[in-house]
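Asks: No sequence on hand, only this structure:
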């Protein structure tokens, strides 16, 4: 495979390698994805996105995790792609197709990017769970974590509300819960706590990635879970390790997520990375 150019971007530190595959799709193997994702020998990323052609939207984005698996959705990556496409098309709004469906992106007055992440699913089959459960109070626990809420935002999320999200050893309990037998497709694991000003502190263990500085779809799942639990009134600022996201539910129940995006650098992927040999 020939060398391949890429753009490195991030949303609140949630970082992405973005490849334009609209003319020639690189069709990266899991070994290549893991090699590129290696932060010591490759480029490093939380997710790698390949832009593909589509007749249904302005662009199709295919999302890969750094362990080589494919993800259905990624809110912060969608915001980065929306920013790229709005600049390319000289528009203030775009439509992006993902495996999870069509997502609308727009430029906010402050220069940030907002994505309508669509309508969440909360049925136990939708998460999915291995058995029938009340997704508002799932019977699941590990260490200090118990009684979570289940939400599907195009990908599966389990949200635990705790007294202090920063006090939870997420590096220990995140992978345990991600691989819980109740989660046949695994899941993103979030711990959230209410702040005095009505904001929400959020930390996330991303499925197939690990602890990340930010996770847009987890922020969406958390505002949905908090509203369902009566802990929020349908809008809040969520504070992740990488910074804040403005979250709100529309009257129709769709989830809006707004926040900053940034370029890091551009580069060329070496043939050894593309072959997965490093």
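Replies: That came through fine. The structure presented is a predicted model; accordingly, all values stated were derived computationally and were not measured. Residues are numbered from 1 along each chain as shown.

Asks: Please report the distance of the most centrally placed residue in the chain from residue 31.
Replies: Taking CA atoms, centre = their mean as the criterion, residue 74 is the residue nearest the geometric centre of the chain, at 3.1 Å. Residue 74 is 21 Å from residue 31, where distance means CB to CB, to the nearest Å. For every residue, glycine as well, the C-beta is placed using N, CA and C.

Asks: got it, and residue 272?
Replies: 11 Å.

Asks: do residue 59 as well
Replies: In terms of CB to CB, residue 59 sits 26 Å off from residue 31.

Asks: So for those two, which residue has more residues nearby?
Replies: The neighbour comparison of residue 59 against residue 31 (other CB atoms under 10 Å) goes to residue 59, with 21 against 15.

Asks: ok, that one touching residue 21?
Replies: No. Residue 59 is beyond contact range of residue 21, at 10.2 Å (criterion: CB atoms under 8 Å).

Asks: Tell me the residues that contact both of the two, please.
Replies: 51-52 (CB atoms under 8 Å, 6 or more residues apart in numbering).

Asks: Secondary structure class of the residue nearest to residue 164 when sequence neighbours are not counted, three-state.
Replies: Leaving aside its sequence neighbours, residue 164 sits nearest to residue 193 (CB to CB, 6 or more residues apart in numbering; 5.5 Å). At residue 193 the chain is in strand, as set by DSSP: H, G, I helix; E, B strand; the rest coil.

Asks: quick one, what contacts residue 77?
Replies: Here residue 77 is in contact with 11, 14, 16, 18, 47, 49, 61, 63, 216 (CB under 8 Å, 6+ apart).

Asks: What spatial separation is found between the residue nearest to residue 164 and residue 40?
Replies: For residue 193, the distance to residue 40 equals 33 Å [CB to CB].

Asks: Compare those two (neighbour count), which wins?
Replies: Between residue 193 and residue 40, counted using other CB under 10 Å, the more crowded position is residue 193 (19 against 6).

Asks: ok, now which ones touch that one?
Replies: Contacts for residue 193 were tallied using CB under 8 Å, 6+ apart; they are 161-166, 200-201.

Asks: Enumerate the beta-bridge partners assigned to it.
Replies: Applying DSSP bridges to residue 193 yields these beta-bridge partners: residue 201.

Asks: how far away is it from residue 206?
Replies: 19 Å.

Asks: Ok, residue 109 next?
Replies: From residue 109 to residue 206 the distance is 30 Å (CB to CB).

Asks: check contacts around residue 69.
Replies: Contacts for residue 69 (CB under 8 Å, 6+ apart) come out as 30, 208.

Asks: please redo it, this time with the cut-off set to 6 Å
Replies: For residue 69, the contacting residues are residue 208, by CB atoms under 6 Å, 6 or more residues apart in numbering.

Asks: Dump the contacts of residue 77 into a markdown table; add neighbour count as well.
Replies: Formatted as a markdown table, the contacts of residue 77 follow (neighbours: other CB atoms under 10 Å):
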| residue | neighbour count |
| --- | --- |
| 11 | 31 |
| 14 | 31 |
| 16 | 28 |
| 18 | 21 |
| 47 | 27 |
| 49 | 27 |
| 61 | 28 |
| 63 | 23 |
| 216 | 29 |
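
Asks: Mark which of those residues are part of helices, please.
Replies: Counted as lying in helices by DSSP state H, out of the contacts of residue 77, are residue 216.

Asks: Inside strands: which ones of the contacts of residue 77?
Replies: Among the contacts of residue 77, DSSP state E puts 11, 14, 16, 18, 47, 49, 61, 63 in strands.

Asks: can you name the two of these that are farthest apart?
Replies: Farthest-apart pair in the ones in strands among the contacts of residue 77 is 14 and 61; separation 14.6 Å (CB to CB).

Asks: so what's residue 249 bridging to?
Replies: For residue 249, the beta-bridge partners are residue 255 (DSSP bridges).
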